[in-house]
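Chemist: Quick one, what's the 3D model for this:
(2 chains)
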Amino acid sequence: MVASLSRTKSTAPPPGELLFSGNDWDFQTIRRIHDACEAVAGPELGLSWYPNQIEIITAEQMLDAYASIGMPLFYKHWSFGKHFAQQEASYRRGLMGLAYEIVINSDPCISYVMEENTATMQTLVIAHAAFGHNHFFKNNYLFRQWTDAEGILDYLDFAKSYIARCEERYGHQAVEQVLDAAHALMSQGVHRYPRKKRPDLASEQRREREREEHGEQIYNDLWRTLPAKAGAQKGDPALERRKALLELPQENILYFLEKVAPRLRPWQREILRIVRLVAQYFYPQRQTKVMNEGCATYCHYRIMNALSQKGQLSEAAYLEFLTSHTNVIRQPNFDDRSFGGHNPYALGFAMMQDIARIVENPTTEDRDWFPDIAGRGDPMGVLRDCWENYRDESFIAQFLSPKLMRDMRLFHVVDDPDEPEMRVQAIHDERGYRKMRRSFARQYDVAWLDPDIEVVDVDLEGDRRLILHHKALNRITLQKEDARRVLQHLADLWGYDAVLKEVDPATGAVLVEHAASARPIFF
Amino acid sequence: MHIVDRRLNPGGKSLPNRQRFLRRVKDVAQRAVRESAREKDIKDLGKDGRITVPGDGVREPRFSRQPGTGHQDYILPGNKTYVEGDRIERPPGGGSGGGAGEGGDGGENGEDAFQFVLTREEFLDLFLEDLELPDLAKRRLAVVETESLRRAGYTVSGSPANLALSRTLRNSMSRRIALKRPKLEEVAAVEAEIAAAEAANDPRLPDLQLQLHGLRERSKRIPYVDPIDLRFRRFEPYPRPIAQAVMFCLMDVSGSMTEHMKDLAKRFYILLHIFLTRRYKHVEIVFIRHTDRAAEVDEETFFGSRETGGTLVSSALVEMKRVITERYSPDDWNIYAAQASDGDNVSSDGPTSTELLRAHILPACQHFAYLEVGDENGPRAGFVEHRTTLWRTYEALAKAGEPLAMRKVNHRRDIYPVFRELFGRKDARAEA
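Modeler: Predicted coordinates for the structure are as follows:
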């Protein structure tokens, strides 16, 4: 991996000279800070990043950005206004601090930094976002596979003006209804796996030929004489054909509606597509929260320390950095009043630190657990490889070490409603490490966390009813009221009835059934 | 690396989102706003626009698992004493594990009511929606004072400064095309041919020269721009409504007016003032109080100080007439008047007041409202409603078709409804 070193002449001061003193900063300071960070991030950490664009914004603009899920431009919808009102209220009442920065996965990579930040905070934020997150966005396989950093801003621009044009043309209400429905299905609007490419004719023919040849080679007349298995009749060919045509079962409901819903008009399909693509763009972020923050936090930690060692940060600034760094990676214990689940910054940073330790100073235990990386002696190389090729679930499953489990004193509690009490399933000991790590990793598996809902069939011959299944994992059913509302939206888009069956995947029994009929609002 | 300073970008980027949001909650928000107007001191109206709307209309449903049901796994940090196989009692209040926040509250009550803050502008917009000033259109035109110009298409004559160049050239071009005026290139082409012919001693030379002559003649006859092409921007004067108003507050301050009555009157005046300031750029207020004598006073004296004496309504009307003649010519000002009184008047004063109103005050006013304030307890049950002297005087006027609105108010909660009744949009009222 080659670091894209500064294209412009570096303005980083020579080592030993302070980057800034005091809290104030100007654009020159920001430039100096950026270049100094770059001098560490490139040669020392071997990061590679999209060109940076640092934008200074006010608190109000930060709130604006919050309301439109962090994007610099976004289409208009009442729900963003609602979130803005909510966040503004809690901000004004002092319940919520604002983030120091927001960073956008785009090329060039845009980092919004707040004007209130002190010079030290700006350094921290630039090291964190403009190098840490930026490197992760550029290199992680999920982002590379699913997002188009170069095109996203243009696409959002298109989306915004397209929806504005639709509003002019078809009225606010009509557009709002489509958006409402699409937003309700947003988390069911992502492709979780790359779709199969349609084979072209040549490769199809070649495959067919190979298959025939293979058949001829292994031909044995004996097979013909075997009696057919009782009851194993072929599936209904009409059903098979229908499912193949509609690409069923389909878990990307928005995609299905966009392509197949019989009564939608073209502009409505386009809006569904916009919402779907935005959801897809954000899908990698949900899967890499721990890694992304861990990567950024580890980078800013290394960069700040390097700057301090070079004498470019004053002691006061370094202390200020340490204070906010320790705040960021604070992880309260389960019995603490402020406990609210695992802090992704804390977990991510601890794991990165731990991996660096294993690579450099492994214990015997580490050598047993991580023979590939223990003692390899190139912590950044190993980390960059992790950042490139893992997501939260696989990363934890692979790299959470027994030592870290002991340090965090992790334990696993099972709450089974059939039992009178909760049970401690595993703790941080020899018997528990693997079991616990497996369950822990699973908690970061988005596909495991999101309800598994898919379109299974359409009653094309009958009343065109859309049939969906929810595989109720552990027999946990959907929240009734919300499910009813979302299904209503779904039926509206579909144009005919829709039914959602919640199925126990173990037995196939239907636990709950929801049904909705289309309201004539879209047609 | 680029640094962009976005701080000076125009703010309010999410304003359209907010408008969409408000539109969505409009009905409930409006109800909440009117509700709050009843509770709150009118002085603080719109200052703290915090309103609560039920979460139902602004809910964003998603498919999500029922929290706190089924088999749950928790991985928690900070174990101190537990070993494998320990049993832990469920913490009260649902299935959250060992105090874990991720267990949810186990309830299914959905989203709570949603609270947010309206700006004063938004608050007043909702508050005063579908109210309008009475007879505004008619009166406005009647009292036009200023005129301004606005664009009104094109004309064939005008001053050179108003020449509409593109329109003129468009006409010129279509005329040139229609009459086949030779183009410059054609002339140039023929000239070039002549030059070539001269050099080569071509026998076609005379023909060509004749052709060139014809072209030149034609160009001369068909001018590039003809007077017939000319178009000028036309402006027409239109009457501009007067954008200033004056509001007369008349109040009886004699001994019979209690604090409660004054409070009612004050509330009404404030509402009227808010309303007028929303409609006019410039609003002035004149306070006139009276017992048996009237005087123009400042606001503090108007509401604060006590007076004793008899009651002579006409004195206030005389004073108002004086102020109007001195300072507020009806030609320049939209005049609104609101009179509050408990209804007492010397009976001999009736004819005088009637005459003053009919001859001087009402013709000058856009709107004259009479508010009769009563006791908090209202007219006692069982009694026939007592009609006061002043009420009877004004009632006769109103029946005679004079533009005079009158209402009776006993309790502060009635103020806003009465106000809405007085200024409600006509069609809205017809529907109701």
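
Chemist: ok, now how distant is A:Gly311 from A:Tyr318?
Modeler: The span separating A:Gly311 from A:Tyr318 equals 11 Å under the rule Cβ to Cβ, to the nearest Å. All C-beta atoms are positioned from the backbone trio N, CA, C, and that covers glycine.

Chemist: Show me what the helix or strand hosting A:Tyr91 is packed up against.
Modeler: Following DSSP states H and E, one finds A:Tyr91 within helix A:78-92. Judged by 3 or more Cβ pairs under 8 Å, 6 or more residues apart in numbering or on different chains; DSSP states H and E, the packing partners of helix A:78-92 are helix A:59-67, helix B:15-24, strand B:114-118.

Chemist: which ones are touching whichever residue of the stretch 101-250 of chain A sits closest to chain B?
Modeler: Per Cβ to the nearest Cβ, A:Ala184 is where the stretch 101-250 of chain A lies closest to chain B, at 5.3 Å. Shown in contact with A:Ala184 (Cβ atoms under 8 Å, 6 or more residues apart in numbering or on different chains): A:485-486, A:489-490, B:60-62.

Chemist: what about chain A, any weak spots by pLDDT?
Modeler: A:1-16, A:94-97, A:230-235, A:522-523 (pLDDT under 70).

Chemist: Tell me the secondary structure at the one residue in it that gets nearest to chain B.
Modeler: Using Cβ to the nearest Cβ, the closest approach of chain A to chain B is made by A:Asn333 at 2.6 Å. Here A:Asn333 is recorded as coil under DSSP: H, G, I helix; E, B strand; the rest coil.

Chemist: Which residue comes closest to the residue of the stretch 51-200 of chain B at minimum distance from chain A once chain neighbours are left out?
Modeler: Relative to chain A, the nearest point of the stretch 51-200 of chain B is B:Gly78 (2.6 Å; Cβ to the nearest Cβ). Once flanking residues are discounted, B:Gly78 sits nearest to A:Asn333: 2.6 Å by Cβ to Cβ, 6 or more residues apart in numbering or on different chains.

Chemist: which residues in the stretch 251-400 of chain B form strands?
Modeler: Assigned by DSSP state E, counting those that start in this stretch, the stretch 251-400 of chain B shows strands spanning B:282-290, B:294-297, B:334-341, B:367-373.

Chemist: Turn these into TSV, columns for mean neighbour count, mean pLDDT and distance to B:Ile177.
Modeler: Supplementary listing: the strands of the stretch 251-400 of chain B in TSV, determined by neighbours: other Cβ atoms under 10 Å in any protein chain shown; pLDDT from 0 to 100; distance: least, Cβ to Cβ, whole Å:
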stretch	mean neighbour count	mean pLDDT	distance to B:Ile177
strand B:282-290	19	83	55
strand B:294-297	18	85	73
strand B:334-341	25	84	56
strand B:367-373	24	84	61
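
Chemist: Tell me which of the ones you listed lies nearest to chain A.
Modeler: strand B:282-290 (31.2 Å).

Chemist: Tell me how many other residues surround residue 58.
Modeler: No chain was given, so I picked chain A. Neighbourhood size, A:Thr58 [other Cβ atoms under 10 Å in any protein chain shown]: 16.

Chemist: To clarify, I was referring to chain B.
Modeler: Counted with other Cβ under 10 Å, B:Val58 comes out at 21.

Chemist: before we move on, what about A:Asp154?
Modeler: A:Asp154 has 11 nearby residues by other Cβ under 10 Å.

Chemist: Equivalent analysis for B:Leu118, please.
Modeler: 23.

Chemist: what do you get for A:Arg273?
Modeler: For A:Arg273, using other Cβ under 10 Å, the count is 19.

Chemist: list the contacts for it?
Modeler: By Cβ under 8 Å, 6+ apart, the neighbours of A:Arg273 are A:254, A:258.

Chemist: make it 10 Å
Modeler: Contact analysis of A:Arg273 by Cβ atoms under 10 Å, 6 or more residues apart in numbering or on different chains lists A:159, A:162, A:182, A:189, A:254-255, A:257-259.

Chemist: can you check A:Val178 too?
Modeler: Neighbours of A:Val178 in contact, by Cβ under 10 Å, 6+ apart: A:163, A:166, A:170, A:264-265, A:267-272, A:275, A:489, A:492-493, A:521-522.

Chemist: ok, now A:Arg409?
Modeler: For A:Arg409, the contacting residues are A:333-334, A:427-428, B:76-80, B:82, by Cβ under 10 Å, 6+ apart.

Chemist: So what pairs up with B:Glu372 in the strands?
Modeler: Beta-bridge partners for B:Glu372, by DSSP bridges, are B:Ser341, B:Lys408.

Chemist: Wait, it touches B:Met261, no?
Modeler: Yes. Using Cβ atoms under 10 Å, B:Glu372 is in contact with B:Met261, at 9.4 Å.

Chemist: Just want the phi and psi numbers for the nearest residue to A:Thr288 once chain neighbours are set aside.
Modeler: Residue nearest to A:Thr288 in three dimensions, not counting chain neighbours: A:Arg391, with 5.1 Å by Cβ to Cβ, 6+ apart. For A:Arg391, the backbone dihedrals (degrees, to the nearest 10) come out as phi -120, psi 180.

Chemist: A:Arg391: neighbour count?
Modeler: Count around A:Arg391 with other Cβ under 10 Å applied: 21.

Chemist: do the one 4 residues further on as well
Modeler: A total of 22 residues lie near A:Phe395 under the criterion other Cβ under 10 Å.

Chemist: swap in B:Glu89?
Modeler: Around B:Glu89 there are 9 residues (other Cβ under 10 Å).

Chemist: State the distance from it to B:Met247.
Modeler: B:Glu89 is 70 Å from B:Met247, by Cβ to Cβ.

Chemist: Likewise for A:Asn333?
Modeler: Remark: distance between A:Asn333 and B:Met247 (Cβ to Cβ) = 66 Å.

Chemist: before we move on, what about A:His514?
Modeler: From A:His514 to B:Met247 the distance is 59 Å (Cβ to Cβ).

Chemist: Those two: who's more crowded?
Modeler: Legend: neighbour count by other Cβ under 10 Å for A:His514 and B:Met247, higher for B:Met247 (22 against 19).

Chemist: Who does that one form a beta bridge with?
Modeler: Beta-bridge partners of B:Met247, as defined by DSSP bridges: B:Ile285, B:Tyr336.

Chemist: can you map out the strands along chain A?
Modeler: For chain A, the strands defined by DSSP state E cover A:52-57, A:101-104, A:109-114, A:411-415, A:422-427, A:452-458, A:466-471, A:498-503, A:510-516.

Chemist: What lies in contact with the shortest one?
Modeler: Think strand A:101-104. Contacts for strand A:101-104 (Cβ under 10 Å, 6+ apart): A:52-55, A:57, A:62, A:65-66, A:69-72, A:109-114, A:117, A:121-122, A:124-126, A:128-130, A:132-134, A:136-137, A:149, A:152-153, A:156, A:292, A:296.

Chemist: What subset of those is buried?
Modeler: A:52-55, A:57, A:62, A:65-66, A:70-72, A:109-114, A:117, A:121-122, A:124-126, A:128-130, A:132-134, A:136-137, A:149, A:152-153, A:156, A:292, A:296 (16 or more other Cβ atoms under 10 Å in any protein chain shown).

Chemist: Which ones, among the residues you listed, also lie beside chain B?
Modeler: Subset of those in contact with chain B: A:52-55, A:57, A:65-66, A:72, A:110, A:112-114, A:126, A:130, counting by Cβ under 10 Å from any Cβ of the partner chain.

Chemist: which parts of the stretch 251-400 of chain A sit against chain B?
Modeler: A:253, A:331-343, A:346-347, A:396.

Chemist: What about the residues you listed, which are in helices?
Modeler: A:253, A:346-347, A:396 (DSSP state H).

Chemist: Tabulate these (JSON lines), appending neighbour count.
Modeler: Output for those, formatted as JSON lines (neighbours: other Cβ atoms under 10 Å in any protein chain shown):
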{"residue": "A:Ile253", "neighbour count": "26"}
{"residue": "A:Ala346", "neighbour count": "20"}
{"residue": "A:Leu347", "neighbour count": "25"}
{"residue": "A:Ile396", "neighbour count": "24"}
